[in-house]
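*Asks:* model the structure of this input:
(one chain, ligands or ions: 2)
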Amino acid sequence: MKRVLVTGGMGFIGCNFVKYMLREHDDVKIINLDKLTYAGNPENLKDLKDKRYAFVEGDVCDKSVVDKAVSKCDAIVHFAAETHVDRSIMYAGDFVTTDVFGTFVLLEAARKHKVQRFVHISTDEVYGEAVGRPSKENDALMPKSPYAASKAGADRLAFSYFCTYGLPVTITRCTNNYGPYQYPEKLIPLFVTNAIDDLPLPVYGTGRNTRDWIFVEDHCQAIDMVLESNDFEGEVFNVGSGEEKSVLDIASLILSYLNKPDDLMRFVKDRPGHVTRHAVNAAKIRKRLGWAPRRTFEAAVRTTVDWYRNNPEWWRPIKSGEFKKYYEKQYRTE
Ligand code: NAD
Ligand code: DAU
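*Replies:* Ligands and ions are numbered 1, 2, ... in the order given. Next up, the predicted model:
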């Protein structure tokens, strides 16, 4: 049995990954270490009844909790992070603490307990603008938000533990995910749930900014392949679908699928430091690991819209709780 410590497994990608791993592998045990911040939701895994799964509530910055959890594992997949760019503009300190210091605490424990694999979940945000062509793994890191800069710090810290201590680290840099269980502060779940309720869809600036969009299960598959492989210590893999879409494209698709009028779109103040384009060249993971996304954007967005339509009991409590205060602050018009 391979024992895998997943950090941040109550969040969006983490919970999808836990389910994916238990479904795809008989010989895996998962320990999920999560602090249950506003983004960590036990509802995400409440239906999971599997003896191979255990949950530990704790902070990745807490050395004793981390040490204990790491001591019981062979491999680590490190998702836990503060993840929302807009919140990083309001509360940068939380991002530096969890994303950089939390990663350091985990790396130290991994070194002490000689874990066999450390998959560090980084992001394409670390590159900053993709100028002229999609970003490649060896491009310079020019992060533009406190979130992206904190993730860049964590990414390079993880690399340094490979170079300095020989820790078997592999780093993934994925593009924008979407799918079930995504906290509705992020673009797609926000627009879908607002549209369902006939509320405005707040488009930052011109709405022409583009991202490369990937269905969360395709990302989970890529991480699984990286975790399974032993040949890529110290390496970085971009993960992306190549499906580059603007905010306007996405708003139109969602509104038309839900039969809602285009005038629900509202142009609002732009995000400070808003990156015009994020996109990655994913040729390396396609060639070296044989990974390829299984879904097309249009089909997977429909699946995602249907999921939010069919699961209002998941997102309605979120939108009326902590999120409401955040939303009012973030989107209030002066
Ligand atoms: P999320 O915000 O949905 O979930 C983050 C999880 O981490 C939550 O369960 C939260 O409780 C937990 N967490 C936060 N701080 C913690 C701490 N100090 N200790 C323990 N747990 C803590 O995030 P997500 O979208 O699922 O992203 C997961 C990872 O993937 C992050 O590292 C993120 O940078 C990376 N990533 C995300 C995307 C994306 O599009 N969502 C794309 C590329 C990379
Ligand atoms: O690229 C990977 C990154 O994708 C991850 O590392 C981050 O954790 C994840 O949050 C995401 O970052 P983005 O900033 O790209 O995602 P977000 O959903 O916040 O925004 C996507 C685009 O939509 C971006 O151009 C900003 C725009 N936007 C977003 C919101 C929330 C709007 O126009 N209006 C909005 O209300």
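*Asks:* quick one: low-confidence parts of the chain?
*Replies:* Counting by pLDDT under 70, the chain shows low-confidence ranges at 334.
*Asks:* what ranges do the helices span in it?
*Replies:* Listed in chain order, the helices of the chain (DSSP state H) span residues 12-24, 63-71, 85-90, 92-95, 103-112, 146-165, 187-196, 216-228, 247-257, 283-289, 297-310, 312-320, 322-331.
*Asks:* could I get the ones you listed as JSON lines with mean neighbour count and distance to ligand 1?
*Replies:* All C-beta spots, glycine's among them, are computed from the backbone N, C-alpha and C. As requested, those are arranged in JSON lines below (neighbours: other CB atoms under 10 Å; distance: least, CB to the nearest ligand atom, whole Å):
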{"stretch": "helix 12-24", "mean neighbour count": "21", "distance to ligand 1": "4"}
{"stretch": "helix 63-71", "mean neighbour count": "17", "distance to ligand 1": "9"}
{"stretch": "helix 85-90", "mean neighbour count": "18", "distance to ligand 1": "9"}
{"stretch": "helix 92-95", "mean neighbour count": "17", "distance to ligand 1": "8"}
{"stretch": "helix 103-112", "mean neighbour count": "21", "distance to ligand 1": "9"}
{"stretch": "helix 146-165", "mean neighbour count": "21", "distance to ligand 1": "5"}
{"stretch": "helix 187-196", "mean neighbour count": "22", "distance to ligand 1": "9"}
{"stretch": "helix 216-228", "mean neighbour count": "21", "distance to ligand 1": "7"}
{"stretch": "helix 247-257", "mean neighbour count": "19", "distance to ligand 1": "13"}
{"stretch": "helix 283-289", "mean neighbour count": "17", "distance to ligand 1": "14"}
{"stretch": "helix 297-310", "mean neighbour count": "17", "distance to ligand 1": "13"}
{"stretch": "helix 312-320", "mean neighbour count": "15", "distance to ligand 1": "11"}
{"stretch": "helix 322-331", "mean neighbour count": "14", "distance to ligand 1": "12"}
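*Asks:* how about the ones you listed, which one is nearest Asn44?
*Replies:* helix 12-24 (3.8 Å; CB to CB).
*Asks:* what's the angle from the closest one to helix 216-228?
*Replies:* With axes from the mean of the first three to the mean of the last three CA atoms, to 10 degrees as the basis, helix 12-24 and helix 216-228 are set at 70 degrees to each other.
*Asks:* need the residues of the stretch 51-200 of the chain near ligand 2, please.
*Replies:* With CB under 6 Å from any ligand atom as the criterion, the stretch 51-200 of the chain meets ligand 2 at residues 83-85, 123-125, 175-176, 186-187, 190.
*Asks:* now, of those residues, which are buried?
*Replies:* Among these, those classed as buried by 16 or more other CB atoms under 10 Å are 83-85, 123-125, 175-176, 186-187, 190.
*Asks:* in strands, which of those residues fall?
*Replies:* Mapping these onto strands (DSSP state E) picks out 123, 176.
*Asks:* nearest spatial neighbour of Gly205, skipping sequence neighbours?
*Replies:* Asp270 (3.4 Å; CB to CB, 6 or more residues apart in numbering).
*Asks:* one more: Asp59?
*Replies:* Per CB to CB, 6+ apart, closest to Asp59 is Lys35, 4.6 Å.
*Asks:* can you check Phe215 too?
*Replies:* The nearest residue in space to Phe215 (CB to CB, 6+ apart) is Ala300, at 3.8 Å.
*Asks:* that older thread, which pair of the buried ones among the residues of the stretch 51-200 of the chain next to ligand 2 spans the longest distance?
*Replies:* Every pair of these checked by CB to CB; the farthest is Asp124 and Leu190, at 20.1 Å.
*Asks:* and Val236, what does it touch?
*Replies:* Residues near Val236 by CB atoms under 8 Å, 6 or more residues apart in numbering: 122, 137, 155, 159, 170-173.
*Asks:* what's the distance between it and Ile13?
*Replies:* According to CB to CB, to the nearest Å, Val236 and Ile13 sit 18 Å apart.
*Asks:* same thing with Val85?
*Replies:* Val85 is 16 Å from Ile13, where distance means CB to CB.
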